[in-house]
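Engineer: Sequence plus predicted model, see below.
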Amino acid sequence: MTTSSSVIKLQQLALDPNIPINELLSNAYVIALKLDINDFSAWCQKELHGYQEDDQIPAYRIFRGNMYASDSSGYKPVVLSGENAEYYEMKIIRDAITNLQSLKSTNESQILLKLDPEIEKFFIEKFTQDDRQRFSRLGLTNNPYYDLVAPTYMPVLAISKAQIEHVFVIIRNTILNWSLSLEKQGILGNGLIFTKQEKQMTQHVNYNIGNVGNMANHNDNSTINQTSTNTVQVIKGDFNSLASKLKDYGVEETDIQDLRNVIDVTPTPTSSDELGEGVTNWLGKMSLKALKGSLKVGKDVAMGVLVEAITTYYCG
């Protein structure tokens, strides 16, 4: 065993907690690229540069926390209940690993994150509506200065710093186990040079990198899904056509009926920005199901395609 082996050096880097995670990933990326192990090199690239909207996100990058509403006086906890609470208290971080390193370096035990835009907008409107109703009961909304003095709340999600640190542990362990699997098969490399035989031996390497294999194929699967679901067109005002489209996306019959019941009692909107609380809650429920793999579309595209279908039903 020679110290010039890049695989052995990678193990040493993975075992050294002082080695920056981006340096470790860069070394693993080069080795995977030279060995033509495409799924592993793709994973390293995504961790180094960030995940795109249509990428499948590994479970360790889905964070759970508690929602707070911030105003000039500080942060107030928001108590969530109902079937959508879990969805609202989740946050996917797609950022490059260096950005997570900045979060990890904070001295605080909790980290405050901005919500996804559609969830943030929903709660800002809800906070404003709740305040207006409360002040209305006191007869204060008729005051000409109400809009100037009314509190403005911004929702944020507080997650534990330990969840961020967990990401770094998983990445180090994944790279370490992968390099050990390479060594077990006799794939060591002379510096960064690998023989033809070593490259051929990679097909016998067993390793577990979670969702990496699925991520490498996600774009192809997404294209197939889009092709198959485009066969059904939503017609303005025709709920049956909307139902057919939703079935194509994997939405269950009971959920489609729930949406029909909501639509029956919801004023007709003129754009996707005015779908109403009932429809927005239903969309949150569907996004949670997509996150758990219950739909034929992933969580990252579920909200977009469902909103498009419902908006087409309303507005054409």
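Structural biologist: On my side now, so go ahead. Numbers count the residues shown, from 1 in each chain.
Engineer: send the alpha carbons of stretch 12-20 over as CSV?
Structural biologist: Taking C-alpha atoms only, stretch 12-20 is exported to CSV below (Å, rounded to 0.1, in the frame of the first residue of the first chain):
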residue,chain,number,x,y,z
GLN,A,12,-7.1,10.4,5.4
LEU,A,13,-8.9,13.5,4.3
ALA,A,14,-12.3,12.1,5.3
LEU,A,15,-11.0,11.1,8.7
ASP,A,16,-9.6,14.5,9.4
PRO,A,17,-12.3,16.9,10.8
ASN,A,18,-10.1,19.9,10.1
ILE,A,19,-10.2,19.3,6.3
PRO,A,20,-12.8,21.7,4.8
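Engineer: outside of it, which residues touch it?
Structural biologist: Residues outside stretch 12-20 that contact it (CB atoms under 8 Å, 6 or more residues apart in numbering): Glu23, Leu24, Asn27, Gln101, Arg172, Asn173, Ile175, Leu176, Ser179. (C-beta placed from N, C-alpha, C; glycine too.)
Engineer: hmm, try it at 6 Å
Structural biologist: The contact list for stretch 12-20 (CB atoms under 6 Å, 6 or more residues apart in numbering) reads Leu24, Asn27, Arg172, Ile175, Leu176.
Engineer: Stretch 270-279 now?
Structural biologist: Val262, Thr266, Pro269, Val307, Thr311.
Engineer: out of the residues you listed, which one sits closest to Tyr249?
Structural biologist: Nearest to Tyr249 among the contacts of stretch 270-279, counting by CB to CB, is Val307 at 11.8 Å.
Engineer: could I get the contacts of stretch 12-20 as CSV with neighbour count, distance to Glu83 and secondary structure?
Structural biologist: CSV is the format used below for these (neighbours: other CB atoms under 10 Å; distance: CB to CB, whole Å; DSSP: H, G, I helix; E, B strand; the rest coil):
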residue, neighbour count, distance to Glu83, secondary structure
Leu24, 22, 40, helix
Asn27, 20, 45, helix
Arg172, 19, 36, helix
Ile175, 28, 38, helix
Leu176, 18, 40, helix
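Engineer: now the contacts of stretch 270-279 as a markdown table including secondary structure, neighbour count and distance to Gln203?
Structural biologist: As requested, the contacts of stretch 270-279 are exported to a markdown table (DSSP: H, G, I helix; E, B strand; the rest coil; neighbours: other CB atoms under 10 Å; distance: CB to CB, whole Å):
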| residue | secondary structure | neighbour count | distance to Gln203 |
| --- | --- | --- | --- |
| Val262 | helix | 17 | 51 |
| Thr266 | coil | 17 | 55 |
| Pro269 | coil | 15 | 54 |
| Val307 | helix | 17 | 43 |
| Thr311 | helix | 20 | 47 |
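Engineer: Among the contacts of stretch 12-20, which one sits closest to Ile164?
Structural biologist: Closest to Ile164, out of all of the contacts of stretch 12-20 and judged by CB to CB, is Arg172, at 13.7 Å.
Engineer: pLDDT at the closest one, what is it?
Structural biologist: Looking at Arg172, its pLDDT stands at 94.
Engineer: Likewise for Asn107?
Structural biologist: pLDDT at Asn107 comes out at 86.
Engineer: again, but for Lys104
Structural biologist: Predicted confidence (pLDDT) for Lys104: 89.
Engineer: got the phi/psi numbers for it?
Structural biologist: When quoted as degrees, to the nearest 10, the phi and psi of Lys104 stand at phi -70, psi -30.
Engineer: Spatially nearest residue to it, not counting backbone neighbours?
Structural biologist: Ile164 (4.9 Å; CB to CB, 6 or more residues apart in numbering).
Engineer: how about Leu112, secondary structure?
Structural biologist: strand (DSSP: H, G, I helix; E, B strand; the rest coil).
Engineer: where's Gln12, which helix or strand?
Structural biologist: Counting by DSSP states H and E, the element that carries Gln12 is helix 6-15.
Engineer: closest to Tyr87 among the contacts of stretch 12-20?
Structural biologist: Nearest member of the contacts of stretch 12-20 to Tyr87, counting by CB to CB, is Arg172, at 30.2 Å.
Engineer: For the closest residue to the closest one other than its chain neighbours, give its distance to Ser81.
Structural biologist: Leaving aside its sequence neighbours, Arg172 sits nearest to Ala14 (CB to CB, 6+ apart; 5.3 Å). Separation of Ala14 from Ser81 (CB to CB, to the nearest Å) stands at 43 Å.
Engineer: between those two, who's got more neighbours?
Structural biologist: A direct count of neighbours by other CB atoms under 10 Å for Ala14 and Ser81 places Ala14 higher, at 23 against 6.
Engineer: Distance to Ile37 for the contacts of stretch 12-20 - can I get that in TSV?
Structural biologist: Putting the contacts of stretch 12-20 into TSV (distance: CB to CB, whole Å) gives the following:
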residue	distance to Ile37
Leu24	16
Asn27	14
Arg172	18
Ile175	12
Leu176	16
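Engineer: Cool, thanks, signing off.
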